[in-house]
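A.B. asks: I need the structure of the sequence given here:
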Amino acid sequence: MPADNVRLDDPLRPRFHFLPPKNWMNDPNGLIQWQGRYHLFYQHNPHAAVWGDIHWGHAVSDDLVHWEHLPIALAPTPNSPDARGVWSGCIVDNNGVATAIYTGVTGEKHEKQVVCIATSTDDDLIKWEKYAQNPVQMEIPAHLTKAGFRDPYVWWHEGQWKMVIGAGALGGAEHVLLYTSDDLYQWEYIDILFSSENQNEHVYECPNFFKLGNKWVLMVSVMEELHVDVFVGLFWQNHFIPETYTRIGKDGSFFAPLTFEDDDHRRIMIGWIREQRSIPQHQAAGWAGVMSTPIEMMLLDNNQLALTPVHEMLNSDLATSYRQFTDVSPENLADLQATLPSNRLKVVVSDDLSKVIFIDGSVVEYFNFPEYHVRRIYDRVADLTVLADLDILPQKRLGVWTMPNTLT
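C.D. replies: Numbering: from 1, shown residues only. The predicted structure follows:
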């Protein structure tokens with residue numbers, strides 16, 4: 001069902017968080033700061049508010065807050081390795097050439113999954129050209145990839161390109177595989193970087209592997225349980241040795257995050273906030289899927305991961321109005337909400353910004369330093385009264401910002 005009927009004033013539809021003008025969105029892809037501007041690509045079905053016929057949508061921002069929709073960047077090509085979908089991947093700067101490394105899929109059940117490349121020499125990253133000899137050359141170990149082989153994540157390290165990719169052995173376990181390359185087009189399989197301890201028939205989705213401080217971070221999305229596992233540890237002789245562990249998105253709302261390093265050397269993450277409504281409800285609304293706010297990742301002295309909104313999201317100049325309340329209790333939240341001009345709020349519940357909540361349509365994002373949580377609320381428009389459902393309501397001071405629409 002085409003989403004020509006999408007209501008932009010749908011009270012459940014976020015206006016501060018990023019989402020396409022209509023139809024389906026899932027994983028963020030190709031996050032990069034290019035020529036000073038932030039680019040967000042994403043898994044997108046341009047024809048319906050359900051998963052399928054996956055393209056790469058595209059948006060750009062100067063500040064990680066205000067986003068401009070751009071034309072679709074990559075679409076499936078008939079009779080090619082991505083004929084059934086342009087699935088997830090990343091973008092790297094290869095000597096001034098923006099290079100997208102993504103998963104191309106074919107087969108009746110999308111079972112044939114390969115790594116493909118497209119390049120852009122356009123300053124705005126609008127025009128892309130697919131590599132004529134896709135897929136790239138690489139060994140795909142049959143005994144490790146029977147359950148899938150997808151979502152490449154690539155970085156430059158010690159004079160080589162390196163790639164991690166999600167895989168899984170049928171009747172085995174989820175894996176992250178490690179590859180190296182000198183040119184991005186020919187890849188050598190090195191070894192299993194990391195394996196799950198659980199026996200299953202899934203793949204690790206959307207692996208990210210990067211250095212943060214003096215440690216390495218491995219982040220994987222776990223399909224069966226719909227959460228994100230994050231391990232901090234050592235990268236030694238092409239193997240990852242985990243030391244600490246945390247979990248993001250315990251209720252299944254947050255999935256498939258992607259990270260990148262910006263020009264200020266911040267490690268920034270954006271994740272997909274999943275719908276938890278039925279498919280007919282997606283179709284009736286004409287849209288599905290929201291992106292999280294951009295999140296800065298930091299590592300504390302004890303190797304614990306800390307997640308905070310990027311400082312641009314906390315800029316007080318964004319606010320269209322501000323109110324501060326004292327001695328707040330759950331019982332008076334409804335009365336306080338009635339005095340405010342909007343349901344869409346940025347709520348800062350502590351003066352030191354250690355607790356921040358974004359309330360936007362059906363999305364409630366909650367930063368409780370160093371942790372991050374997100375919830376979807378559909379039975380009513382989320383507003384200040386949802387704080388009664390959280391266990392962090394302050395007794396002294398509650399600062400409330402009304403936020404603008406940040407999509408153009």
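
A.B. asks: just for the chain, where's the confidence low?
C.D. replies: The model of the chain has pLDDT under 70 over residues 1-5, 394-395, 408.

A.B. asks: for it, which strand is longest?
C.D. replies: When the chain is parsed with DSSP state E, its longest strand is strand 186-200.

A.B. asks: tell me which element the spatially most central residue of the chain is part of?
C.D. replies: The geometric centre of the chain, computed from its C-alpha atoms, lies nearest to Gly271 (C-alpha atoms, centre = their mean), at 2.2 Å. Per DSSP states H and E: Gly271 is located in strand 267-273.

A.B. asks: Likewise for Gln281?
C.D. replies: Judged by DSSP H and E, Gln281 forms part of helix 279-285.

A.B. asks: Contacts for that helix, please.
C.D. replies: Helix 279-285 has contacts (C-beta atoms under 8 Å, 6 or more residues apart in numbering) with 1, 3, 6-7, 10, 12-13, 24, 48-50, 275, 277, 288. (Glycine included, C-beta is placed from N, CA and C.)

A.B. asks: just checking, next helix/strand downstream of it?
C.D. replies: strand 287-288.

A.B. asks: by contact count, what packs against whichever helix or strand comes after that next one?
C.D. replies: Next along the chain after strand 287-288, taking DSSP H and E as the criterion, comes strand 290-291. Where contact means 3 or more C-beta pairs under 8 Å, 6 or more residues apart in numbering; DSSP states H and E, strand 290-291 is packed against strand 23-34, strand 267-273.

A.B. asks: and Ile165, that one's in a strand?
C.D. replies: Yes: Ile165 sits within a strand when classified using DSSP: H, G, I helix; E, B strand; the rest coil.

A.B. asks: Once you drop chain neighbours, what's closest to it?
C.D. replies: Pro152 (4.8 Å; C-beta to C-beta, 6 or more residues apart in numbering).

A.B. asks: Near Asp63, how many other residues are there?
C.D. replies: Here the count is done by other C-beta atoms under 10 Å, and Asp63 has 15 residues near it.

A.B. asks: Was I right to think it contacts His311?
C.D. replies: No: with contact defined as C-beta atoms under 8 Å, Asp63 does not count as touching His311 (10.3 Å).

A.B. asks: Quick one: closest of the helices and strands packed on strand 290-291 to Leu299.
C.D. replies: strand 267-273 (9.0 Å; C-beta to C-beta).

A.B. asks: now that closest one and strand 23-34, what's the angle there?
C.D. replies: If you take axes from the mean of the first three to the mean of the last three C-alpha atoms, to 10 degrees, strand 267-273 sits at 170 degrees to strand 23-34.

A.B. asks: tell me what strand 267-273 is packed against?
C.D. replies: By 3+ C-beta pairs under 8 Å, 6+ apart, strand 267-273 packs against strand 23-34, strand 254-261, strand 290-291, strand 295-299.

A.B. asks: what angle do it and strand 254-261 make?
C.D. replies: Using the same axes, to 10 degrees, strand 267-273 lies at 160 degrees relative to strand 254-261.

A.B. asks: that older thread, isn't the residue nearest to Ile165 right next to Cys116, touching?
C.D. replies: No: contact criterion C-beta under 8 Å: Pro152 and Cys116 do not qualify, at 9.3 Å.

A.B. asks: Quick check: neighbours shared by these two?
C.D. replies: Taking C-beta under 8 Å, 6+ apart as the contact rule, Pro152 and Cys116 both touch 101-103.

A.B. asks: and which of the residues you listed is nearest to Asn95?
C.D. replies: Among those, and counting by C-beta to C-beta, the member closest to Asn95 is Ile101, at 14.9 Å.

A.B. asks: Tally up the residues packed near the closest one, please.
C.D. replies: Neighbours of Ile101 using other C-beta under 10 Å come to 26.

A.B. asks: if I look at the spatially closest residue to Phe18 that is not a sequence neighbour, how far off is Leu353?
C.D. replies: Of all residues not flanking Phe18 in the chain, Met291 sits nearest, at 4.2 Å (C-beta to C-beta, 6+ apart). Counting by C-beta to C-beta, to the nearest Å, the gap from Met291 to Leu353 is 22 Å.

A.B. asks: burial of Pro330, as a residue count?
C.D. replies: Count around Pro330 with other C-beta under 10 Å applied: 12.

A.B. asks: contacting residues for it?
C.D. replies: Going by C-beta under 8 Å, 6+ apart, the list of residues near Pro330 reads 387-388, 393.

A.B. asks: Now list the buried members of these.
C.D. replies: Using 16 or more other C-beta atoms under 10 Å as the burial test, those include Leu387 as buried.

A.B. asks: With distance to Thr320 and secondary structure added, can I get the contacts of Pro330 in TSV?
C.D. replies: Shown next, in TSV, are the contacts of Pro330 (distance: C-beta to C-beta, whole Å; DSSP: H, G, I helix; E, B strand; the rest coil):
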residue	distance to Thr320	secondary structure
Leu387	20	helix
Ala388	25	helix
Leu393	24	coil
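
A.B. asks: Would you convert the contacts of Pro330 into TSV that also reports distance to Leu258?
C.D. replies: Converted to TSV, the contacts of Pro330 look like this (distance: C-beta to C-beta, whole Å):
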residue	distance to Leu258
Leu387	30
Ala388	33
Leu393	32
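
A.B. asks: Tell me the one of the contacts of Pro330 nearest Arg323?
C.D. replies: Taking C-beta to C-beta as the measure, Arg323 sits nearest to Leu387 out of these, at 14.0 Å.

A.B. asks: So the closest one is in contact with Glu331, correct?
C.D. replies: No: under the criterion of C-beta under 8 Å, Leu387 is not in contact with Glu331, lying 11.7 Å apart.

A.B. asks: on that earlier part again, including mean neighbour count and distance to Val176, could the helices and strands packed on strand 267-273 go into a markdown table?
C.D. replies: Listed next are those as a markdown table, based on neighbours: other C-beta atoms under 10 Å; distance: least, C-beta to C-beta, whole Å:
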| stretch | mean neighbour count | distance to Val176 |
| --- | --- | --- |
| strand 23-34 | 23 | 16 |
| strand 254-261 | 22 | 15 |
| strand 290-291 | 25 | 24 |
| strand 295-299 | 19 | 18 |
